[in-house]
Every structure is written in C-alpha cells, then in structure tokens.
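**Student:** Mind folding the following:
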Amino acid sequence: MKYIIVGAVAGGASTAARLRRIDEHAEIIIFEKGAYISYANCGLPYYIGNVINDRNKLFVQTAAAFNQRFNIDVRTKTEVLEVNATNKTIKAFNQETGETYEESFDKLVLSPGAEPIKPPLPGITSEGIFTLRNVTDTDYIKSYVTQKSVKKAVVIGAGFIGLEMAENLFHLGLEVTIIEMGNQILAPVDFPIAAIVQQHIRSKGVQLKLNTAVTGFESGTNHPLKVNLKTGEQLDADVVILSIGVKPDTKLAISAGLKIGDTKGIWVNEFLQTSHPDIYAVGDAIEFENPITHQPLITYLAGPANKQGRICANNIVLGNTHPYHGAINTAIVKVFDMTVATAGTAAKHLTNANIKHIVSTTHNGDHANYYPGSKQMSIQIAFSPENGQLYSAQIAGYEGVDKRIDILSSIIKRNSTIDELVEFEHAYAPPFSSAKDPVNMAGFVAENILLKRLHVFYWNEVSSIHKDDLLIDVRRIDEFEKGNIVGAINIPVDEIRNRLSEIPTNKKLYIYCEAGLRGYLAQRILLQNGFTNIKNLSGGYQLWKAVNAELI
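**Tutor:** So this is what the prediction gives:
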C-alpha cells in the first residue's frame, strides 16, 4: 500500500506517524513545500520576541529524524502542483532541482493548511511588510527587526496571532500600534470579554485602533513606511505585520475535482474522507459540522488538526470505523499579563444561528482571596434556557484560566449542562482555588437564572431603562462615590432591609453592585418583601464600566 501525504506540519505529520505505527510495511511519502516539517507554529511569535531563545526548540521533528524513526520518505521544498484523482497521481515540483515529476498513490491525504490573506492594497509588497505563517517568515521578521534597528511596529489584525505578535514586539522595546477593522479584538469571543482585554492592552501603552481600515502603504521619511488609514490618518512604521486572517488552501482539492463546502473549505464526511473515496483531508483546510450549531465550520487550530491526523490514519488503514466528532474551537492566548480563553459558540454566533440562549457573567478570584496574589477572573457562559446545556465559555483573567477553560470545554463537548458546573469537584487548596471554584460560581448563577431565583439584565440594556423606573446601586457609599451609573440611587445591600420604605413598590427596579453577588442578595431580600419586578445587572458595574470605556 502506498500513501502520499501533502503537508507536513500538524495534521500531515500526525497522520504519517500514525499510519506507520499501524502499518509497518506501507510506503509512505510526505511532500512539504516549505523547508521544515512538524514545527511548533504556535511558538513562532515567542521566538521573534526572544521569549524562546533557542530556534531548534521550535522543531518537534526534523525531516532526517522523522525518516529515521518512522521510515517515511520526507520530501521538503517540494510542492505538489496538482492531483489527478482519476489516475490517482500527483504532480510534484522540486524547488531545489527544478524537476517536475509524477507519483502514484493508493491513498492520498491532503493537509495543505491555510494561507494568509493579503489584500491587494497599494504598497503591500513593500519591504518591511510581513505575514507570519511558517519558520521562513519567522526568520525574515526576526532578522529584519534585529538588523534594521526598528522602533515602530504596526500590527494589522487583532486575532490570536496579531495579539501575540504585538506583545512580543512590545517586549523587544518597540512602540506598537494594533489596527483592527472590526469593533473588537479576538472575533471568536463576545464583546464584553474582549472589552476587558482591550482595556488591559491600552494600559500597557499600546495603541489600539478599532473600526479602522488600512487603505495602503507608502514610503516614509523618518521611518521606512507610512500606513494609510481610511480615516485619512497616516501612521509611521519601521515594520508592519499583516495578521488579517487566513483562508483554507484548497488549490489541490479543486484541481482534483473534490467537493468544496459552503465555507470554502474541503468538504469531508465524518471519517475525514473527501468526495473521492481514496482521498482524505485534515487540518486547517477542511470543513466539518459545528457540533453546537450544526452549521459548516473551519477550525484553524493545531489541536484539532493533530487529532484529525490520528483519526484519519485509523480510517485509511482499518476502514471507516472512527468518526470525527468535530471541534468546538477551544483556544487560549496570552495577552501581556492577561490570559483569554474561549470554547464553544459565542453568544453572538448563537444569535446568528437562531439558537435560544442565556448569557451570564461572573467575576471571582482565581484562588482564595486570603492567599496572596489572588486576581480577578471573569467568566462568561452561554447556555440553553430549556435544559441548561452549556454552549460556550469565555474567560479573561490571569492565573488558572487554562484549567478552567479545559473544564468548561469538556462539558460543552459532551453536550452536558450547567448542573455539572454546580457539582464539579475540583482540587482545592488556597494557592490554587477556592472552596467554591469560579467554575462552580458560574454554575450557581446560571442555575439561579434557570430556576428564576435570579432575573438579570445586561450592560447594553442600561441605557434603555425608562425614566420612571428605578436604578439602585447596592454597593457601599465609598464605592458609589468613586464612580457609578448615571441616574442610580445608592442603598447599600447591608442597609436595604431597614430602608424598604424608600423603595417604591410600583416601579421596575434595576439593581447593580460591583460584580453581581450583592445585587443578587438585594434582589432576594426585595422579592421576599413584596417587590415583584426586579432585575440584577449581569457582570455588575465592573463589566459595565469596561464595556462602556470601549464604546467611547
């Protein structure tokens, strides 16, 4: 049996290694148009920023080591130009020798990945403008930044890679500006969580320009480049990083006549098999069903690609017996001192998919408050109003974000409910958590909402409160005086039982505190004292303040 794999990074290398472990005697050939295989592309920004100093640590395997261990023919710097699905052949071009040749296959795996979007803007090919997708790109950027003694960097695009690049360039001592066409960073998360992180980025002295489009590039005077914005503003830059996004590389699939899906990825069935029975596909180029929305989805993440490779190899050798259950886009990114993580389908995308849901936001310490170093962690979850199924989770915080998102991701992936959050049993000691973990707290609040013990309203509904309604701030008076929502009156929760006569019974009551807990306690007191129309601000004043600071 002869297997050919196109692409030798996450999905392709994983497929090849698994194929060999299952079938010792097969002929396996990997084609990689780049110079390197099986490298840690997620680590590239950190090598540029000198967080990772040893370049060799980026390589999980070299071509020679891969060949020696797995007896796999690895052909780097060799681009597959086209696939003839009828004859079951590929045409390859050796970039070093200039030779073009054909190779036959019994089974073919496409793992071409994605390619960076590079719009045809004036001046976009100028020196000093880079995309970051592979080791070669990394070497170019690192060499340029070092040799040119750059001082100003502009990063275009505020996705995961864009933010990582901004942070690492900042750590090199550069003055950094981030430009994003959308109204927020990190498109996979909802605006409130993004707003918290945006405030943190601005606190570092990094310029963040949202709702801003780039129209082109020109040669500068004091700096090599000028970045032209749609607003008419020009920014000086010594180096520009394009991180606008990526798109699936489907050229080979199209040449083979394979089915392309609705989101322009390579269509695969549940066994990662394309529309041709002897051709499979994995990684950033494939489209599969989102397990939550049941709509087509492309995932540009290394974790799913590696798992797909293993499953794909099983199905190729053992028959289509191992279905792939899809990915829920669990992802995490370090943004300066903060960590942001997401899993599942954001509330905005649930809305677009017409999936009914409730959103809840909680703020808690990442470990026991009395143990030194505790910092706030904000968790937003979205869940079904009917059965409590957890649809998504997003976290902005510092320590321990990774373990919480993994817990929540597991629950989402299994179609489980907030009941599991309520009863989740975690390892507890003061340096690591609290007796009631932030995951539990998110579950408690969601359960109260489902049981109608808690009625919430949201940051974007504050401006719609009618003048005849009453907005009550139940924080301490010193907190109220430091900042509050315009129009609110202050009745601290600890005084509310003795001041019930000051609250009219014929008005709608909107309550808020700093994070939500005291508002909930006030609501419970009022509900049991004859007040019936009361809502508590989800996420509290803390979330409202962060979001509104970003709306200015």
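
**Student:** From L210, how far out is the residue minimising distance to the centre of the chain?
**Tutor:** Centrality entry for the chain: nearest residue to the mean C-alpha point is A331, 4.5 Å, by C-alpha atoms, centre = their mean. Summarising the geometry, the distance separating A331 from L210, computed by C-beta to C-beta, to the nearest Å, is 20 Å. In short, each C-beta sits where N, CA and C put it, glycine included.

**Student:** now swap in L408 and tell me
**Tutor:** In this structure, L408 and L210 are separated by 27 Å, where distance is defined by C-beta to C-beta.

**Student:** can you give me phi and psi for E423?
**Tutor:** With angles defined as degrees, to the nearest 10, E423 shows backbone torsions of phi -100, psi 0.

**Student:** Provide a list of residues in contact with it.
**Tutor:** With C-beta atoms under 8 Å, 6 or more residues apart in numbering as the criterion, the residues that contact E423 are G443.

**Student:** ok so V155 is a strand residue?
**Tutor:** Yes: under DSSP: H, G, I helix; E, B strand; the rest coil, V155 sits within a strand.

**Student:** in the sheet, who's paired with it?
**Tutor:** As for beta bridges, V155 partners with I178, I241 under DSSP bridges.

**Student:** count of neighbours near it?
**Tutor:** In terms of burial, V155 registers 27 neighbours under the definition other C-beta atoms under 10 Å.

**Student:** Check Y144 too.
**Tutor:** Residues near Y144, counting by other C-beta under 10 Å: 15.

**Student:** isn't it right up against L132?
**Tutor:** No: assessed by C-beta atoms under 8 Å, Y144 is found out of contact with L132, at 11.9 Å.

**Student:** so how far is stretch 401-410 from its chain's centroid?
**Tutor:** 13 Å (C-alpha atoms, centre = their mean, to the nearest Å).

**Student:** which other residues reach it?
**Tutor:** Contacting residues not belonging to stretch 401-410 are listed as 328, 330, 332, 339-344, 366, 377, 379, 381, 390, 393, 395, 421, 424, 426, 437-439 [C-beta under 8 Å, 6+ apart].

**Student:** Give me the subset of those that lies in strands.
**Tutor:** Of the positions in these, 332, 339-344, 377, 379, 381, 390, 393, 395 sit in strands, assigned by DSSP state E.

**Student:** Nearest to V214 among the residues you listed?
**Tutor:** Distances from the ones in strands among the contacts of stretch 401-410 to V214 were compared by C-beta to C-beta; the smallest belongs to V340, at 24.0 Å.

**Student:** List the beta-bridge partners for the closest one.
**Tutor:** V340 has these beta-bridge partners by DSSP bridges: V333, A396.

**Student:** neighbours around it, how many?
**Tutor:** Considering only other C-beta under 10 Å, V340 is surrounded by 27 other residues.

**Student:** Do I have it right that it meets I193?
**Tutor:** Yes: in this structure, V340 is within contact of I193 by C-beta under 8 Å, at 7.0 Å.

**Student:** list residues touching both of these two?
**Tutor:** The overlap between the contact sets of V340 and I193 (C-beta under 8 Å, 6+ apart) consists of Q394, I395, A396.

**Student:** Switch those residues over to CSV; also include pLDDT.
**Tutor:** Below are those laid out as CSV (pLDDT from 0 to 100):
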residue, pLDDT
Q394, 98
I395, 98
A396, 98
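
**Student:** Whichever of these end up buried, select them in ChimeraX.
**Tutor:** This is how ChimeraX selects the buried members of the shared contacts of V340 and I193, with burial counted by 16 or more other C-beta atoms under 10 Å:
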select :394,395,396
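
**Student:** At which residues are the strands of the stretch 251-400 of the chain located?
**Tutor:** Taking DSSP state E, counting those that start in this stretch as the test, the strands found in the stretch 251-400 of the chain are 266-267, 279-281, 286-289, 296-297, 331-335, 338-344, 358-365, 376-383, 390-397.

**Student:** The last one: how far from the chain's middle?
**Tutor:** The chain centroid and the centroid of strand 390-397 are separated by 11 Å, computed with C-alpha atoms, centre = their mean.

**Student:** Do me a favour and average the pLDDT over whichever strand or helix holds R404.
**Tutor:** Taking DSSP states H and E as the definition, one finds R404 inside helix 401-413. Per-residue pLDDT values over helix 401-413 give a mean of 97.

**Student:** And for stretch 333-349?
**Tutor:** Across stretch 333-349, the average pLDDT comes to 97.

**Student:** And that stretch, what's buried?
**Tutor:** 333-336, 338-349.

**Student:** So the closest residue to P492 other than its chain neighbours versus R518, what's the distance?
**Tutor:** Excluding its sequence neighbours, the residue lying closest to P492 (C-beta to C-beta, 6 or more residues apart in numbering) is R476, at 5.4 Å. With distances taken as C-beta to C-beta, R476 is found 9 Å from R518.

**Student:** And those two? Which one has more around it.
**Tutor:** Remark: of R476 and R518, R518 carries more neighbours, 23 against 17, as counted by other C-beta under 10 Å.

**Student:** returning to what we had before: out of L408 and L210, which sits in the more crowded spot?
**Tutor:** Relative neighbour count places L408 above the other of L408 and L210, with 28 against 16, counting by other C-beta under 10 Å.

**Student:** I'd like to know how far the more buried one sits from E420.
**Tutor:** Distance from L408 to E420, by C-beta to C-beta: 10 Å.

**Student:** what's the answer for Q199, then?
**Tutor:** As judged by C-beta to C-beta, Q199 and E420 stand 32 Å apart.

**Student:** do K151 as well
**Tutor:** Distance, K151 to E420, by C-beta to C-beta: 51 Å.

**Student:** Going by how many neighbours each has, rank these two and give me the top one.
**Tutor:** The neighbour count for K151 versus E420, taken as other C-beta under 10 Å, is higher for E420 (17 against 14).

**Student:** Not including adjacent chain positions, what is the nearest residue to the more buried one?
**Tutor:** The shortest distance from E420 to any residue that is not its chain neighbour, by C-beta to C-beta, 6+ apart, is 5.3 Å, and that residue is I411.

**Student:** circling back: quick check, nearest of the shared contacts of V340 and I193 to N415?
**Tutor:** Comparing every one of the shared contacts of V340 and I193 with N415 (C-beta to C-beta), the shortest separation belongs to Q394, at 18.6 Å.

**Student:** ok, now which ones touch that closest one?
**Tutor:** Neighbouring residues of Q394 by C-beta under 8 Å, 6+ apart: V189, D190, I193, V340, A341, T342, A343, A346, I379, Q380, I381.

**Student:** got it, and H455?
**Tutor:** I449, Q523, I534, K535, N536.

**Student:** Quick check: phi and psi at it.
**Tutor:** Backbone phi and psi, for H455 under degrees, to the nearest 10, turn out to be phi -120, psi 130.

**Student:** Q523 versus that one, what's the distance?
**Tutor:** As judged by C-beta to C-beta, H455 and Q523 stand 7 Å apart.

**Student:** Quickly list what's touching both of the two.
**Tutor:** Both H455 and Q523 are in contact with I534, K535, N536, where contact means C-beta under 8 Å, 6+ apart.

**Student:** Show me which of those are buried.
**Tutor:** Burial by neighbour count, judged by 16+ other C-beta under 10 Å, picks out I534, K535, N536 from those.

**Student:** Helix or strand: which one has the second one?
**Tutor:** Pointing back at K535 there. Element membership of K535 [criterion: DSSP H and E] is strand 534-537.

**Student:** can you check I196 too?
**Tutor:** Counting by DSSP H and E, the secondary-structure element that holds I196 is helix 191-203.

**Student:** Flag every buried residue along that helix.
**Tutor:** Using 16+ other C-beta under 10 Å as the test for burial, helix 191-203 gives F191, P192, I193, A194, A195, I196, V197, Q198, Q199, H200, I201.
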